[in-house]
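> show me the folded form of this:
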Amino acid sequence: MNFYNYLLENADPDSIAIKSRTEQVTYAKLIQWSNRIAATLAENSVKPGTHVGVVGPNSVFWVASYLAILKLGAVAVPFPHKLSTDGFRDRLSIIQCDIFCMTALYIKKFHKVLPPNTT
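Numbering: from 1, shown residues only. Predicted coordinates:
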């Protein structure tokens, strides 16, 4: 059993998993979103041990992405979303990620420094 299963296996689907100032998400919805992200990652050759960068503020997307990475047995590599482009480039020179989970905002912000073979 991996941590994803351990964390969500006994969750009541109708219970609130994440609550913020602007939204509430049930476990059922969180599982649905993380499964969708996991499927996309798997289609892009993510497997156990693959390093997956996660970029974004605290959000449902971030949590769902993190859970999707755990579900696949991959390694989640969180990046601070407030990094400058130079700071992001510096981190990339140290931390090798095969793929990233990030929203369009961060793709736009960091597209010039993402490795050319990044999916």
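> the strands in this structure, which residues?
16-19, 24-26, 51-55, 75-79, 99-102 (DSSP state E).
> what about the nearest residue to residue 3 once chain neighbours are set aside, distance to residue 46?
Spatial nearest neighbour of residue 3, excluding adjacent residues (Cβ to Cβ, 6 or more residues apart in numbering): residue 70 at 5.1 Å. From N, CA and C alone the C-beta is placed, and that goes for glycine too. Using Cβ to Cβ, to the nearest Å, residue 70 is found at 12 Å from residue 46.
> relative to residue 88, how far out is residue 111?
From residue 111 to residue 88 the distance is 11 Å (Cβ to Cβ).
> more crowded one of the two?
Neighbours were tallied for residue 111 and for residue 88 using other Cβ atoms under 10 Å; the higher tally belongs to residue 88 (20 against 10).
> circling back to that earlier point, Serialize the strands of the chain to JSON lines and add fields for distance to residue 63 and mean pLDDT.
Output for these, formatted as JSON lines (distance: least, Cβ to Cβ, whole Å; pLDDT from 0 to 100):
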{"stretch": "strand 16-19", "distance to residue 63": "6", "mean pLDDT": "92"}
{"stretch": "strand 24-26", "distance to residue 63": "8", "mean pLDDT": "95"}
{"stretch": "strand 51-55", "distance to residue 63": "10", "mean pLDDT": "95"}
{"stretch": "strand 75-79", "distance to residue 63": "11", "mean pLDDT": "95"}
{"stretch": "strand 99-102", "distance to residue 63": "11", "mean pLDDT": "93"}
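> closest to residue 32 out of these?
strand 24-26 (9.3 Å; Cβ to Cβ).
> quick one: strands adjacent to the closest one?
When pairs are called by DSSP bridges, strand 24-26 turns out to pair with strand 16-19 (antiparallel).
> so which residues make contact with the strand it pairs with?
11, 24-27, 29-30, 60, 63 (Cβ atoms under 8 Å, 6 or more residues apart in numbering).
> can I get those residues in CSV with distance to residue 18?
As requested, the contacts of strand 16-19 are exported to CSV (distance: Cβ to Cβ, whole Å):
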residue, distance to residue 18
11, 12
24, 7
25, 4
26, 9
27, 9
29, 9
30, 6
60, 6
63, 6
